[in-house]
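Engineer: next come a sequence and a model predicted from it.
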Amino acid sequence: MKEKFYRYIEDLQDRITAGLEEVDGKAKFREDIWKRKEGGGGRTRIIENGAVFEKGGVNISAVHGPLAPAMQKYFNVGDVDFFACGLSLVLHPKNPMVPTVHANWRYFEMYEKDGTIIDQWFGGGQDLTPYYLFEEDAKHFHQVCKKACNPHGFSFYSEYKKRCDEYFWNSHRNEARGIGGLFFDYLKENDRMKIEDWYDFVTDVGNSFLQAYVPIVEKRKHLPYTEKHRNWQEIRRGRYVEFNLVHDKGTLFGLKTNGRIESILMSLPPHVQWVYDHHPEPGSPEEKLIKLLENPVDWV
């Protein structure tokens, strides 16, 4: 399964970066091949200073070796080996009317020292973080997510949408990071779903990404904006950074397993503000977004 899924994310990375370059029309992704001394490596692709994307990355990796002591404690296991591969992407558009987007699809195995697999699972999802709310965009994103889920289980969208709302929650701010999407983890073989069935589900979600995001970008990328809009975008980006560095399990896993720091932190935007005790004007579009992020919304 690990070879099959890695081939899939290699192809998906090619498809996504090609699609995003077409949307941007100016910048191209630059590629960085890296190796991890403990085992494995990855292929990082970064886009910067484009017509649409101020900064973004679409990265794949496959790493393996002894599981670090901190992660042994987290998974409640002993001295075992692991393999992990996945695709992770974050895109920060320049225009504040275009939302930031994040997605990740991953596969994990753990082994005894003799190579016997003792556990395996899939995880991932995709979520949207707007700076100015267009309800039709939120509905579109969630409709595509639901369409990808339904062939595999009619409860999947509602279940994984709820998990997304719970996961991407800045508890120290008591607000959501964005308007959600899908989040799933520890998708293991059970009486109903074989590991191949989970592969089919996760890859269908991955295949839906461009359809979920690109139409929104095309609709909003030419909208006018002011310095005030950019300031608000940069303040909200600060909340994005806070979540990634304080709460995000993927970031913490990478840091605790001696992952490649440049690839792990590619999710951080280039221009960010932290304004002391900032509050948007009452009745403004900025306040509307803040109020909406206080409670999850059923978009479809």
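Structural biologist: Received it, and whenever you're ready, just let me know what you need. The structure displayed is predicted, hence computed values, not measured ones.
Engineer: any weak-confidence spans in the protein?
Structural biologist: 257-258 (pLDDT under 70).
Engineer: show me where it has its helices.
Structural biologist: In the chain, the segments counted as helices under DSSP state H are 2-24, 69-75, 135-149, 156-167, 195-207, 209-220, 227-246, 249-256, 261-264, 285-292.
Engineer: now render those helices as TSV, adding mean neighbour count and distance to residue 116.
Structural biologist: All C-beta spots, glycine's among them, are computed from the backbone N, C-alpha and C. Converted to TSV, the helices of the chain look like this (neighbours: other CB atoms under 10 Å; distance: least, CB to CB, whole Å):
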stretch	mean neighbour count	distance to residue 116
helix 2-24	17	15
helix 69-75	13	16
helix 135-149	20	33
helix 156-167	19	30
helix 195-207	18	16
helix 209-220	19	34
helix 227-246	18	35
helix 249-256	16	23
helix 261-264	16	30
helix 285-292	15	49
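Engineer: possible to save those helices as CSV with distance to residue 98?
Structural biologist: Compiled in CSV, the helices of the chain are given as follows (distance: least, CB to CB, whole Å):
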stretch, distance to residue 98
helix 2-24, 10
helix 69-75, 36
helix 135-149, 9
helix 156-167, 20
helix 195-207, 21
helix 209-220, 5
helix 227-246, 10
helix 249-256, 23
helix 261-264, 24
helix 285-292, 14
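Engineer: for residue 272, which of these is the nearest?
Structural biologist: Residue 272 sits nearest to helix 227-246 of all those, at 4.7 Å, using CB to CB.
Engineer: in PDB, list the C-alpha atoms belonging to the closest one.
Structural biologist: C-alpha atoms of helix 227-246 as PDB (Å, rounded to 0.1, in the frame of the first residue of the first chain):
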ATOM      1  CA  GLU A 227      -4.500  48.700   2.000                       C
ATOM      2  CA  LYS A 228      -7.100  48.300   4.700                       C
ATOM      3  CA  HIS A 229      -8.100  45.000   3.200                       C
ATOM      4  CA  ARG A 230      -4.400  43.900   3.200                       C
ATOM      5  CA  ASN A 231      -4.000  44.900   6.800                       C
ATOM      6  CA  TRP A 232      -6.900  42.800   7.800                       C
ATOM      7  CA  GLN A 233      -5.600  39.900   5.800                       C
ATOM      8  CA  GLU A 234      -2.200  40.100   7.600                       C
ATOM      9  CA  ILE A 235      -3.900  40.300  11.000                       C
ATOM     10  CA  ARG A 236      -5.900  37.200  10.200                       C
ATOM     11  CA  ARG A 237      -2.800  35.400   8.900                       C
ATOM     12  CA  GLY A 238      -1.400  35.900  12.400                       C
ATOM     13  CA  ARG A 239      -4.100  33.700  13.700                       C
ATOM     14  CA  TYR A 240      -3.300  31.100  11.000                       C
ATOM     15  CA  VAL A 241       0.300  31.100  12.200                       C
ATOM     16  CA  GLU A 242      -0.700  30.700  15.800                       C
ATOM     17  CA  PHE A 243      -2.800  27.600  15.000                       C
ATOM     18  CA  ASN A 244       0.000  26.000  13.000                       C
ATOM     19  CA  LEU A 245       2.700  26.600  15.600                       C
ATOM     20  CA  VAL A 246       0.600  25.900  18.800                       C
END
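Engineer: helices or strands up against that helix?
Structural biologist: Under the contact criterion of 3 or more CB pairs under 8 Å, 6 or more residues apart in numbering; DSSP states H and E, helix 227-246 touches strand 169-170.
Engineer: okay, now the sheet partners of the strand it packs on, with direction.
Structural biologist: Paired with strand 169-170 in the same sheet, following DSSP bridges, are strand 175-176 (antiparallel).
Engineer: gap between the partner strand and the chain center?
Structural biologist: 16 Å (CA atoms, centre = their mean, to the nearest Å).
Engineer: hang on, the earlier thing: closest to residue 87 out of the helices of the chain?
Structural biologist: The nearest among the helices of the chain, by CB to CB, is helix 2-24 at 4.2 Å.
Engineer: which strands and helices sit next to the closest one?
Structural biologist: With 3+ CB pairs under 8 Å, 6+ apart as the test, helix 2-24 has strand 40-48, strand 53-66, strand 81-93, strand 100-111, helix 195-207, helix 209-220 packed against it.
Engineer: same list (those) but as CSV, adding distance to residue 273.
Structural biologist: Converted to CSV, these look like this (distance: least, CB to CB, whole Å):
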stretch, distance to residue 273
strand 40-48, 19
strand 53-66, 14
strand 81-93, 14
strand 100-111, 15
helix 195-207, 33
helix 209-220, 21
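Engineer: residues in contact with the nearest residue to residue 19 once chain neighbours are set aside?
Structural biologist: Nearest residue to residue 19, sequence neighbours excluded (CB to CB, 6 or more residues apart in numbering): residue 210, at 4.7 Å. Residues in contact with residue 210, defined by CB atoms under 8 Å, 6 or more residues apart in numbering, are 15-16, 19.
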